[in-house]
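Colleague: Sequence first, then the predicted structure, then my questions.
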Amino acid sequence: MTGSKLKIAGLNKWYGMRTGRMQALSHIDLELADNEFVSLVGASGCGKSTLLSIVAGLQSFDDGVLLTDGAPIIGPGLDRGVVFQSYTLLPWLTAQQNVEFALQAAGLSAGECRDIARHHIELVNLTKFADAFPSQLSGGMKQRVAIARALSYRPKMLLMDEPFGALDALTRHQMQELLTQIWEEHRLTVLFVTHDVEEAVYLSDRIVVMSINPGRINATYHVGLARPRSQSMISTPEFIGLQKQVLASIRDGSSIRPEE
Ligand SMILES: Nc1ncnc2c1ncn2[C@@H]1O[C@H](COP(=O)(O)OP(=O)(O)OP(=O)(O)O)[C@@H](O)[C@H]1O
């Protein structure tokens, strides 16, 4: 693939522990095209979060290649927005101020920060709650602020680690719709970690299944469903068939393998 937004090749990651070293990721090869939406799924402990945080520049890796737009990733950057399952908002700042705070770090003037933050709070339909503190917001609202914050500095890539994992089913569906709409309008490249296979099929262009011990890529599935997606697709044979294949692949990769 030429001109990929993200290129990972031969990447290995070990964690040092009191009992010795543990290989969390083994020979990961993965490329994301511009504007592609890719989900990472796999059994608990297969290294999804580790891989995402390495791409975010929040963790080191031992060897391999990690490039965005052809340049090495050497730390966190404003080209990559990150959203975690826990909302990570500053409790003493309002929704609007949480977004402004992130923009101040990007070196913008106070007026620019205010205007851009207001625009992104509006984008996630939270204008009425702009002056509310995190403690006054529901889980879905807090996650919308976190998404507004991640998008506010116009990243080219969005890295999301189980962003809707803590939400109830209805709010989760609403957030999936909102994310799809933002992704379609802003043409972002998204790397999305989830435990929910239905969510992965619904949102993604491609699903990457990881296996455990050590974490590797076990299988990749292209999602051929038309866009824009709608909730009515979830009950189609095509959707259900793919969901079953991905689940079987996760099951297949979740048993502990002997070290090679
Ligand atoms: N800081 C750390 N130090 C040592 N080991 C770690 C550390 N972080 C993760 N691990 C180990 O690395 C492996 C991969 O963890 P990781 O959190 O990336 O998996 P995951 O697929 O995201 O899991 P989950 O789906 O449960 O969130 C696990 O065995 C975990 O125990």
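Modeller: Noted; the coordinates are in hand.

Colleague: for the helix or strand encompassing residue 52, packing partners?
Modeller: Here residue 52 is covered by helix 48-55, with elements defined by DSSP states H and E. Packing contacts for helix 48-55, counted by 3 or more Cβ pairs under 8 Å, 6 or more residues apart in numbering; DSSP states H and E, involve strand 6-17, strand 20-32, strand 37-42, strand 157-161, strand 189-193. (Glycine included, C-beta is placed from N, CA and C.)

Colleague: Any chance of a markdown table for those, columns mean pLDDT and distance to the ligand?
Modeller: Converted to a markdown table, the helices and strands packed on helix 48-55 look like this (pLDDT from 0 to 100; distance: least, Cβ to the nearest ligand atom, whole Å):
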| stretch | mean pLDDT | distance to the ligand |
| --- | --- | --- |
| strand 6-17 | 94 | 3 |
| strand 20-32 | 95 | 4 |
| strand 37-42 | 97 | 6 |
| strand 157-161 | 96 | 8 |
| strand 189-193 | 97 | 7 |
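
Colleague: So what touches the strand or helix carrying residue 241?
Modeller: Assigned by DSSP H and E, residue 241 belongs to helix 237-252. For helix 237-252, contacts defined as Cβ atoms under 8 Å, 6 or more residues apart in numbering pick out 41-43, 197-198, 200-202, 207, 209, 211, 218-219, 221, 223-225, 233.

Colleague: Rounded mean pLDDT for it, please.
Modeller: The average pLDDT within helix 237-252 is 96.

Colleague: Okay, and the beta partners of the residue nearest to the spatial centre of the chain?
Modeller: In the chain, the centroid-proximal residue (Cα atoms, centre = their mean) is residue 160; its distance is 1.9 Å. Note on residue 160: beta-bridge partners residue 83, residue 192, judged by DSSP bridges.

Colleague: could you list every residue that touches it?
Modeller: 52, 82, 83, 190, 191, 192, 193.

Colleague: The second one contacts residue 56, correct?
Modeller: When you say that, I think you mean residue 82. Yes: using Cβ atoms under 8 Å, residue 82 makes contact with residue 56 at a distance of 4.9 Å.

Colleague: Find the residues that touch each one of these two.
Modeller: Listed as contacting both residue 82 and residue 56 by Cβ under 8 Å, 6+ apart are 76, 159.

Colleague: Look up how far the ligand lies from the spatially closest residue to residue 162 that is not a sequence neighbour.
Modeller: Nearest residue to residue 162 in three dimensions, chain neighbours excluded: residue 85, at 4.2 Å (Cβ to Cβ, 6 or more residues apart in numbering). Distance of residue 85 to the ligand, given as Cβ to the nearest ligand atom, to the nearest Å: 9 Å.

Colleague: Report the closest residue of the stretch 51-200 of the chain relative to the ligand.
Modeller: Ranked by Cβ to the nearest ligand atom, the top residue of the stretch 51-200 of the chain for proximity to the ligand is residue 195, at 6.1 Å.

Colleague: Wait, a helix at that residue?
Modeller: No: per DSSP: H, G, I helix; E, B strand; the rest coil, residue 195 lies outside any helix segment and is coil.

Colleague: Please name the residues that touch it.
Modeller: Counting by Cβ under 8 Å, 6+ apart, residue 195 makes contact with 41, 44, 162, 165.

Colleague: at 7 Å what do you get?
Modeller: Residues near residue 195 by Cβ atoms under 7 Å, 6 or more residues apart in numbering: 162, 165.

Colleague: Just checking the distance from the helix holding residue 241 to the centre of its chain.
Modeller: A distance of 21 Å separates the centroid of the chain from that of helix 237-252, by Cα atoms, centre = their mean, to the nearest Å.
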